[in-house]
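Student: fold the following for me, if possible:
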Amino acid sequence: IKRAIGATIIKISNSYFIYIFKLFFTGYLLSILFFYLFIPFFKKYNRFGFFLSYSSRKITDILPLNLDFNSIIISFCLILAIIYIFTIFFTFQTLKQPPATLIRPIEQGRIKSYTPFLMVITLFCVLMLFTSSSIIVSQRKLTEDIFNDIEPDVIRILPKSPYGIGEDLDLLMKDLITSYTFDDYKAVKETFKEKAVIGFRLRVPYLTKIPHPQDIDKEFELRITGATEDFPSIFDLTLSEGRFIKDEESGKCVVGFEVSKVFNLKSNDEFMGFEVVGVLEKKAKLTDHSMFISLIDWPFLFPTPLSGSEGGHGFIFVKPIDKNNGQIYEEILDFLERRHPGKLRGVVLDIGDLVSKIANARMSTYILLFMFSLFAFISSLLYLSVLMLIDIIRRTKEIGIKRAIGATKKNIMIEFVFKSLKIGVLSLILGIILGTFISLLIANREGLAFYVPSTYLILFIIIYIGCITLFSLIPAQYAVNIKPNEAIRNE
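Tutor: Below you'll find the model as predicted:
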């Protein structure tokens, strides 16, 4: 009618654009407000990747969370331009026919025009829901793997480091910094052998890549770590064959499950110039890719301290025999302070508690995203149900005729449920494919290993199909209850 009285397509599309702009502007402001309120919380727990990549030193190298004015303006203008272009395009595609054709009631054409729009909405909601839920599953798997590697019951005792202070003060405090040595480890182990299992490490493990023996185009990630003889008790390591290395022996190594599998290693074989004396059972990713050597051999492989500090900072592992004995850490710190008088007192680092806090903080972010996606998905189901109901109301006479010539209630029910399922299943397939691709990008960006078990995928599909079926049964039930004589009599 507007076209018939002289309105142009551009004028009509502009009116649609103003309406969409109001919705977008409101949502954008709420999103910016949300991020400004919660971004300090996200930054606080932003070093989760440090436990996976020891080469990372800057927070921004792991997960940059910055929101500046330029980013807000550029993103706003970019999205606004995309919305405007799409509004004009779809309006032109819809209204390019003559006004007389647009006014003529073509009911079937109108109903069909809803299908692509409904498909896009459902696809977008499935995409968000699958991506957010798969990232949550990957995050849970990563947390489990890290806990298996670090053993949350094991506490680290390390020298206090004055990182982050000014250069002048750093020079004044340089003489106060101590370094825990192998002799400190042996003294602590002998003194507290009745109260705890003690281990020692000179540096953080060294991550490297070596040629893959089965594929010359691939590389194998190897984690080389110094270890003491009580590591199996401290980190719950189980040997499938052989034994673990001793503190005083040299030229020996123990390899993880993946290392032995990929390089086909057994006891008494040679690997990287070391004799393999033991092979570990499958445990977690980092442990399975590890090669354990004695601390005697470590300085020959890595003569330069990896930490970049003079003399290095070894750290002691403590696993109390009695888990309720929380005082043992202070007793060990007192003992080490007596061995290094005039030096800074060491600190206790509970990696398990730290990782748990970081994991919980990031998990809360993903769960929040999942809740938004879930609400959007429920909204799309309601939209699907409403459009199906409108379709049924417009086709009341057609349904009455079908019932009059012999169609059963079951036939009518199947027709409308099947129509909804076609839209839902197509959206599901495309949503899972695109969601997997986006999840891989996000997982790679945040230092996660993308992990979606088959049970989760099957459960997701079953729940999704069930929801689509349930919400399509509501309008379908209305169609079933239409009486043929009343439907035929009334337009």
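
Student: switch to C-alpha atoms for all contacts and neighbour counts from now on
Tutor: OK.

Student: what's the helix or strand for the residue nearest the centre of the chain?
Tutor: The central residue of the chain, meaning the one whose C-alpha is nearest the mean C-alpha position (Cα atoms, centre = their mean), is Ile135 at 3.5 Å. In this assignment (DSSP states H and E), Ile135 forms part of helix 107-150.

Student: packing partners of that helix?
Tutor: helix 285-288, helix 351-394, helix 409-445 (3 or more Cα pairs under 8 Å, 6 or more residues apart in numbering; DSSP states H and E).

Student: and those, which one is worst for confidence?
Tutor: For these, the bottom mean pLDDT is recorded on helix 351-394, which sits at a mean of 75.

Student: name the helices or strands packed onto the helix or strand following that one?
Tutor: Stepping forward along the backbone from helix 351-394, the first helix or strand reached (DSSP H and E) is helix 396-404. Where contact means 3+ Cα pairs under 8 Å, 6+ apart, helix 396-404 is packed against helix 484-489.

Student: pLDDT of the helix it packs on, averaged?
Tutor: pLDDT averaged over helix 484-489 gives 68.

Student: go on, stretch 470-479?
Tutor: When pLDDT is averaged over stretch 470-479, the result is 84.

Student: show residues contacting that stretch.
Tutor: Contact partners of stretch 470-479, identified using Cα atoms under 8 Å, 6 or more residues apart in numbering, comprise 381-382, 384-386, 388-389, 392, 396, 399, 412-413, 416-417, 420.

Student: chain center to the longest strand anywhere in the chain: distance?
Tutor: Of all the segments of type strand in the chain, defined by DSSP state E, the longest one is strand 219-227. The chain centre lies 25 Å from the centre of strand 219-227; the measure is Cα atoms, centre = their mean, to the nearest Å.

Student: now the element after that strand, going C-ward?
Tutor: Sequence-wise, the next helix or strand beyond strand 219-227 is helix 231-235, with elements assigned using DSSP H and E.

Student: pull the residues that contact whatever helix or strand comes next after that next one.
Tutor: Scanning the chain past helix 231-235 towards its C-terminal end, the next helix or strand to appear is strand 239-242 (assignment: DSSP H and E). Strand 239-242 has contacts (Cα under 8 Å, 6+ apart) with Lys266, Ser267, Val277, Gly278, Val279, Leu280, Glu281.

Student: tell me the most packed of these, by neighbour count.
Tutor: Looking at these with neighbours defined as other Cα atoms under 10 Å, the largest count falls to Val279 at 27 neighbours.

Student: where's that one, which helix or strand?
Tutor: Using DSSP H and E, Val279 sits within strand 274-280.

Student: what mean pLDDT does that strand have?
Tutor: Average pLDDT, strand 274-280: 94.

Student: Ser427: what's it in contact with?
Tutor: When contacts are counted by Cα under 8 Å, 6+ apart, Ser427 is found next to Met119, Val120, Thr122, Leu123, Val126.

Student: again, 10 Å this time
Tutor: Under the criterion of Cα atoms under 10 Å, 6 or more residues apart in numbering, the neighbours of Ser427 are Leu118, Met119, Val120, Ile121, Thr122, Leu123, Phe124, Cys125, Val126, Leu127, Leu421, Ile433.

Student: and those, which are buried?
Tutor: A residue is treated as buried here by neighbour count (16 or more other Cα atoms under 10 Å); on that basis the buried members of the contacts of Ser427 are Leu118, Met119, Ile121, Thr122, Leu123, Phe124, Cys125, Val126, Leu127, Leu421.

Student: identify the residue nearest the first one in space, chain neighbours excluded?
Tutor: For Leu118, the nearest residue in space outside its immediate sequence neighbours is Leu384; the separation is 6.9 Å by Cα to Cα, 6 or more residues apart in numbering.

Student: from Ala376, how far off is that neighbour?
Tutor: Distance, Leu384 to Ala376, by Cα to Cα, to the nearest Å: 12 Å.

Student: with Asp217 instead?
Tutor: With Cα to Cα as the criterion, Asp217 and Ala376 are 44 Å apart.

Student: same drill for the two, tell me which one is more crowded.
Tutor: Set side by side, Asp217 and Ala376 show unequal neighbour counts under other Cα under 10 Å, the larger going to Ala376 at 19 against 8.

Student: just the buried ones from the contacts of stretch 470-479, in PyMOL syntax?
Tutor: Here the buried members of the contacts of stretch 470-479 are turned into a PyMOL selection, burial being counted by 16+ other Cα under 10 Å:
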select buried, resi 381+384+385+386+388+389+392+396+399+412+413+416+417+420
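
Student: just the closest of the contacts of Ser427 to Phe21, please.
Tutor: Within the contacts of Ser427, distances to Phe21 taken as Cα to Cα reach their minimum at Ile121, with 17.9 Å.

Student: my read: the closest one touches Ser373, true?
Tutor: No. With contact defined as Cα atoms under 10 Å, Ile121 does not count as touching Ser373 (11.9 Å).

Student: give me the common contacts of those two.
Tutor: Leu127, Ser379.

Student: ok, which stretches of the stretch 151-300 of the chain are helices?
Tutor: 167-173, 182-191, 231-235, 257-262, 285-288, 298-301 (DSSP state H, counting those that start in this stretch).

Student: which stretch among the ones you listed comes nearest Asp153?
Tutor: For Asp153, the closest of these is helix 231-235, at 8.9 Å, according to Cα to Cα.

Student: who does the closest one touch, helix- and strand-wise?
Tutor: The helices and strands touching helix 231-235, judged by 3 or more Cα pairs under 10 Å, 6 or more residues apart in numbering; DSSP states H and E, are helix 107-150, strand 196-201, strand 315-320.

Student: related to what we said a few turns ago, who wins for proximity to Ile429 among the helices of the stretch 151-300 of the chain?
Tutor: Distances from Ile429 to each of the helices of the stretch 151-300 of the chain were compared using Cα to Cα; the minimum, 31.0 Å, belongs to helix 285-288.

Student: what's in contact with that closest one?
Tutor: Helix 285-288 is touched from outside by 52, 142, 145-146, 148-150, 207, 221-225, 235, 237, 255-261, 279-282, with contacts defined as Cα under 10 Å, 6+ apart.

Student: how about CSV for the helices of the stretch 151-300 of the chain, with mean neighbour count and distance to Ile442 added?
Tutor: Converted to CSV, the helices of the stretch 151-300 of the chain look like this (neighbours: other Cα atoms under 10 Å; distance: least, Cα to Cα, whole Å):
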stretch, mean neighbour count, distance to Ile442
helix 167-173, 11, 38
helix 182-191, 16, 42
helix 231-235, 17, 31
helix 257-262, 20, 26
helix 285-288, 22, 20
helix 298-301, 12, 36
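
Student: and those helices as JSON lines, adding distance to Ala479?
Tutor: JSON lines is the format used below for the helices of the stretch 151-300 of the chain (distance: least, Cα to Cα, whole Å):
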{"stretch": "helix 167-173", "distance to Ala479": "79"}
{"stretch": "helix 182-191", "distance to Ala479": "79"}
{"stretch": "helix 231-235", "distance to Ala479": "64"}
{"stretch": "helix 257-262", "distance to Ala479": "60"}
{"stretch": "helix 285-288", "distance to Ala479": "55"}
{"stretch": "helix 298-301", "distance to Ala479": "77"}
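
Student: wait, which of these is closest to Lys11?
Tutor: Lys11 lies closest, by Cα to Cα, to one member of these: helix 285-288, at 60.1 Å.

Student: list residues touching both of Leu384 and Ala376?
Tutor: With contacts defined as Cα under 10 Å, 6+ apart, the residues adjacent to both Leu384 and Ala376 are Ile121, Thr122.
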